[in-house]
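> got a structure for you, letters missing:
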């Protein structure tokens, strides 16, 4: 870490004391008396309209540390910016930012446009069915470069059609806020950009909103911290993403659906271990046991998928299938899936009765960090 580099600012934490939540303040009937939307439509119809407007979608949520935008841009950069990108995320490219100025935190969110329009809602194929290119590991929205042509399939103009566009409604009046905020947080599936963001949520968003979130997809780095947080770990050493995992239920306690996209499960030395061998298998098992202990702390969880990078998934498959098989390497191949029963060690007596909705979860193939291994006979696990 460069000692001359200025210390990054703290995240934009919520104040220790903030105004009384609007949900707890009764709206004034006079404020909506002239609105036919509130006056004539029953609550269930109003909610359905709001869901169609900004609910039941996949929403990316990111908090980025970046330098301010340059005041003067070259003609070349201006032409690139004018071309447009998903959610205007190309404004975070280094050539657009002034690295001589102190960094700041920027919220960045968008509707997921990684798939075609008819699959933009919460639909997700069952594990082991469909196409791998629709998996979260293949999602490139946060880079501003979703799959070619996907943004163009959605109505509207760039980049506005990439945003959820709910702020105007929430600011319309107190009743609009109360009805809209429950739809925003309670019906959408949030794709969180990195693990540190997930664990910091209680200090970034009101607890009322966090307990409303029902579905989440989270990229979770095990070995390396997200680049936003490298300044906290000298030369990225001493980082252990597994230590953050047990805090996830405190951030999102009422999840019903969780897709945990694990990255860099194996460190540099573990990746040298034989694929399908006992040592590599046991290294991955230690990670999954931490996942087991976390999952059982989510009492409402109904479906969980844990994505392992190919370097880790291949070892699980070679051992658990117990036979030779052919590997394929194409973006349109069907995804891989293995079932895992939650280990008995993860269930304490107090949890055995309180959490029986989930008896296990699917292990699916995530990031392709290597070529598929050749078919080989796995070593037996003693």
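Structure's in. What do you need? All values reported here derive from a predicted model rather than from experimental measurement. Numbers count the residues shown, from 1 in each chain.
> where are the low-confidence patches of the chain?
Low-confidence regions of the chain, defined by pLDDT under 70, span residues 1-6, 18-25, 117-121, 146-149, 227-238, 322-335, 345-356, 372-382.
> Please report the distance of residue 42 from residue 241.
Per Cβ to Cβ, to the nearest Å, residue 42 is found 47 Å from residue 241. Backbone N, C-alpha and C define where each C-beta goes, glycine included.
> ugh, wrong one, residue 37
Looking at residue 37 against residue 241, where the rule is Cβ to Cβ, the gap reads 46 Å.
> try residue 135
For residue 135, the distance to residue 241 equals 20 Å [Cβ to Cβ].
> could you pull out the strands for this protein?
Along the chain, the segments classed as strands by DSSP state E run 58-66, 104-111, 189-192, 215-221, 257-263, 303-308, 337-341, 360-365.
> Can you give me the neighbour number for the closest residue to residue 137 other than its chain neighbours?
Across the structure, with Cβ to Cβ, 6 or more residues apart in numbering as the measure, the residue nearest residue 137 apart from its sequence neighbours is residue 366 (4.2 Å). Residue 366 has 28 neighbouring residues, counting by other Cβ atoms under 10 Å.
> In contact with residue 366, which residues?
Taking Cβ atoms under 8 Å, 6 or more residues apart in numbering as the contact definition, residue 366 lies against 135, 136, 137, 261, 262, 263, 307, 308, 309, 310, 313.
> could I get those residues as a markdown table with distance to residue 155?
Formatted as a markdown table, the contacts of residue 366 follow (distance: Cβ to Cβ, whole Å):
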| residue | distance to residue 155 |
| --- | --- |
| 135 | 26 |
| 136 | 25 |
| 137 | 28 |
| 261 | 29 |
| 262 | 36 |
| 263 | 34 |
| 307 | 31 |
| 308 | 37 |
| 309 | 36 |
| 310 | 37 |
| 313 | 38 |
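> Looking at those residues, which is nearest residue 319?
residue 313 (11.1 Å; Cβ to Cβ).
> For residue 37, see how far away that closest one is.
Noted for residue 313: a distance of 49 Å to residue 37, by Cβ to Cβ.
> Compare these two (neighbour count), which wins?
Neighbour comparison, residue 313 and residue 37: the larger count goes to residue 313, with 26 against 13 (by other Cβ under 10 Å).
> Quick check: closest non-adjacent residue to the more buried one.
Take residue 313 and drop its neighbours on the chain: the residue closest to it by Cβ to Cβ, 6+ apart is residue 365, 4.7 Å away.
> the more surrounded of residue 42 and residue 241?
residue 241 (23 against 8).
> residue contacts, the residue nearest to residue 188 when sequence neighbours are not counted?
Distance criterion Cβ to Cβ, 6+ apart; nearest residue to residue 188, sequence neighbours excluded, is residue 59 at 4.9 Å. The contact partners of residue 59, taken as Cβ under 8 Å, 6+ apart, are 109, 110, 111, 112, 164, 188, 189, 190, 191.
> again with residue 361
Going by Cβ under 8 Å, 6+ apart, residue 361 touches 291, 295, 303, 304, 305, 306, 339, 340, 342.
> Of these, just the buried ones, ChimeraX syntax please.
To isolate the buried subset of those in ChimeraX, counting by 16 or more other Cβ atoms under 10 Å, use the following:
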select :291,295,303,304,305,306,340,342
